[in-house]
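K.L.:
sequence first, predicted model second:
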Amino acid sequence: MLLVIGGAAPAGATEQEACTAASGTLLVGKVVSGPTFKAAKDVLQGVKLSHTHIRIQQGGGKNLDVAIDNVFAKDYVKNSNAVPASLKAIKVGDTLEVCGQTFAGGIHWVHTNCGEPSSPGKPNGWVKVVNPDGSVGDNIESSETYCYLWK
């Protein structure tokens, strides 16, 4: 399913196709609230599972929460109490493309699925910045360093 937010369109049909193939929902929207750190509620094998939250706006002015797992950021520092630099670089006004699992009021599971088969409850998601020229950046949530925690 594709939900276009704030009048933005995905950079190409291939992004939609890739997200659908990964069992996710693709959302594209303008950042209206920059990255905020949320402390871990859970700890696996001594690794705190903290999150970063960003709000994006969809058409009609509805804001959605993007819940991002910090451990999948390429520059995550184990047990840090700060937003990883790659996520902190996302600014108000940027356009984001996220693929993941929607929930009432937002989307999560916007990260790699660690090579496991995807399913509607566990998509192989991503967070990408859409550049001003419409090109799409790399997945910020593709690190598999901590995948061992779920194996």
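P.N.:
In hand now; what should we look at? Numbering: from 1, shown residues only.

K.L.:
quick check: T36 vs L64, distance?
P.N.:
T36 sits 15 Å away from L64, going by Cβ to Cβ, to the nearest Å. For every residue, glycine as well, the C-beta is placed using N, CA and C.

K.L.:
run through this protein and note the low-pLDDT ranges.
P.N.:
1-13 (pLDDT under 70).

K.L.:
quick one: distance of stretch 129-144 to the chain centre.
P.N.:
10 Å (Cα atoms, centre = their mean, to the nearest Å).

K.L.:
touching that stretch from outside, list them.
P.N.:
Contact with stretch 129-144 is made by 8, 10-12, 15, 28, 68-69, 71-74, 76, 86-87, 90, 94-97, 110-112, 114-115, 125-128, as judged by Cβ atoms under 8 Å, 6 or more residues apart in numbering.

K.L.:
measure V110 to Y76 for me?
P.N.:
14 Å.

K.L.:
okay, the two: which has more neighbours?
P.N.:
For V110 and Y76, the more surrounded residue by other Cβ atoms under 10 Å is V110, and the numbers stand at 28 against 21.

K.L.:
the more buried one: what's it in contact with?
P.N.:
Counting by Cβ under 8 Å, 6+ apart, V110 has contacts V66, A67, I68, D69, V98, C99, G100, G125, W126, V127, E141.

K.L.:
moving C-terminal from the top strand by length along the chain, which element do we reach first?
P.N.:
Assignment by DSSP state E gives strand 25-38 as the longest strand of the chain. Next along the chain after strand 25-38, taking DSSP states H and E as the criterion, comes strand 43-44.

K.L.:
residues in contact with that following strand?
P.N.:
With Cβ under 8 Å, 6+ apart, strand 43-44 has contacts from L49, L149, W150.
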